[in-house]
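Participant: I would like the atomic coordinates for the input below:
(one chain, ligands or ions: 1)
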Amino acid sequence: MVFLKKASKEEMEKYLMYGLQMKIQRVACLLRKVSQEIERRISTQAEHLRTQSNLFKAREEKYQSRIRVLEAIASGNKEESEIFAGKLQRLKVEKGKDEEKKENEKKIIRLMKMLDDKNLVILELTQKLEAAKTQYESQCSQLEKEAGDAKAELRRKSQDYEHQSEELRNEVKELETSSDSKYQEWNVKKNHLQAVINFQFSSLQKLKLSWESIRQDVVKEQTVYAEECNRLGVNLKPLVHASQNYQVILAENKKMFNEILELKGNIRVFCRIRPSLVGKKETQSIIEDMGETDLVVENPSKGKDALRSFKFNKIFGPATTQGEVYSDIQPFVRSVLDGYNVCMFAYGQTGSGKTYTMTGPSGATSENLLGVNYRALNDLFRISTSRSSFTDYEIWVQMVEIYNEQVRDLLSTDDSQKRYPFIISF
Ligand SMILES: Nc1ncnc2c1ncn2[C@@H]1O[C@H](COP(=O)(O)OP(=O)(O)OP(=O)(O)O)[C@@H](O)[C@H]1O
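Facilitator: Coordinates of the predicted model:
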């Protein structure tokens, strides 16, 4: 998982780098196009200016040639007028000579008039030429001014564009430098990750190989296990059969055991005689005779009825141990686990040894001194555990005391629940 996460990060960085490079390329391409467009426009305007300049030059030349023509005409007229003046002089000289001279005079007048007309035309043309020249010069100066302005503007714009393109080139260079360094950085990272990937890949290969060998081992083991299971199944059959027979025998055994208990009597009364307490001043024993089941006690204050005999299912003498007492009770505990109801209680006067028999002496450390309660609980848990494979038992413990005809729950911590009737909750 960690490896996949790293790879996707690398991929993303790679894509980002690629996107940045593409942007830089697009910006560079755009700048190239802008600078090409500017250069094209500048060259178009320069071409236009050149064309206009050529046009003006052509016009200038045209006007110059006209001027030259007019000047030529003017100079030609001057010569003519001089010739005519010479002729006029000659005619004036010859005026008096003949009538034809009068005609010549008229001609001269006409010529003079023509000369005047020509002079007027020349004057008019000269004025027109002057006006055209002035207009042309003003147009020329205007155009030159405009061309100068346009040139200055173009220079300024071209400087601006140069400046901008220089800045853009610098930016592109910076971007290229940073992208180069990033590219190298990413390359280093890529190489590192590639090495990690290679290492992981080789580890994976090794794992695959070991997994394959383990798988083969597992398959072998499964085969062996299946064979052993089959063998076990074959061997288990008689055991199952024996177990079924055992269950039947166990049930019969239980039944017979409880029947024996019933035969012995459902209500059994035992008598335990407490030994004299050490260090206590006790009167002489009233026991006259004690057998297995019969007890004779004497009460001297009763006279002829002093001797009284009692019969019990069993009598435990003063030397009887806790274990010996419990050995006669133990079958009932087993009977409980077979589903029979059993009740055991101790009865006797104060100090007769009820607590000792049921619980044991206070502060007893030796197991031999433990009373019926502890031993019964031990047996309940031991037998229920040994039968846990085929029977589920639930065990509750309740401890009550009947004292002065009042039942008290000895395990309750709630004072209101201590006295009967109390609600029992497990
Ligand atoms: N079999 C015994 N062997 C030795 N000591 C015994 C035996 N039975 C009783 N005692 C001793 O006798 C004393 C009184 O016994 P215990 O307290 O068991 O009497 P109790 O019947 O429970 O009295 P109470 O009804 O007042 O509670 C205790 O000191 C106890 O250790």
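Participant: what's around residue 259, how many residues?
Facilitator: For residue 259, the neighbour count with other Cβ atoms under 10 Å is 10. C-betas here are computed from N, CA, C, even on glycine.
Participant: tell me the SS of it?
Facilitator: For residue 259, the assignment made with DSSP: H, G, I helix; E, B strand; the rest coil gives helix.
Participant: how near is it to residue 346?
Facilitator: To residue 346, residue 259 is 27 Å away according to Cβ to Cβ, to the nearest Å.
Participant: and if you look at residue 199?
Facilitator: For residue 199, the distance to residue 346 - Cβ to Cβ - is 79 Å.
Participant: checking the closest residue to the ligand within the stretch 151-300 of the chain next. Helix, strand or coil?
Facilitator: Using Cβ to the nearest ligand atom, the closest approach of the stretch 151-300 of the chain to the ligand is made by residue 274 at 4.0 Å. Under three-state DSSP, residue 274 falls in the coil class.
Participant: doesn't residue 318 make contact with it?
Facilitator: Yes. Using Cβ atoms under 8 Å, residue 274 is in contact with residue 318, at 6.6 Å.
Participant: what about the residue lying closest to residue 376 once chain neighbours are set aside, neighbour count?
Facilitator: Leaving out its chain neighbours, the residue that sits closest to residue 376 by Cβ to Cβ, 6 or more residues apart in numbering is residue 333, at 4.9 Å. Using other Cβ under 10 Å, residue 333 has 20 other residues around it.
Participant: residues contacting residue 333?
Facilitator: Under the criterion of Cβ atoms under 8 Å, 6 or more residues apart in numbering, the contact list for residue 333 reads 342, 376, 379-380, 383.
Participant: nearest residue to the residue of the stretch 151-300 of the chain closest to the ligand other than its sequence neighbours?
Facilitator: Nearest residue to residue 274 in three dimensions, chain neighbours excluded: residue 353, at 4.0 Å (Cβ to Cβ, 6+ apart).
Participant: where's residue 105, which helix or strand?
Facilitator: helix 100-264 (DSSP states H and E).
Participant: and residue 343, that one's in a strand?
Facilitator: No. Secondary structure of residue 343 (three-state DSSP): coil, not part of a strand.
Participant: that one and residue 336, how far apart?
Facilitator: Separation of residue 343 from residue 336 (Cβ to Cβ): 10 Å.
Participant: higher neighbour count, these two?
Facilitator: Legend: neighbour count by other Cβ under 10 Å for residue 343 and residue 336, higher for residue 336 (17 against 6).
Participant: and for the residue in the chain that the ligand sits nearest to, the neighbour number?
Facilitator: Residue nearest to the ligand within the chain (Cβ to the nearest ligand atom): residue 353, separated by 2.8 Å. Per other Cβ under 10 Å, the neighbour tally for residue 353 reads 17.
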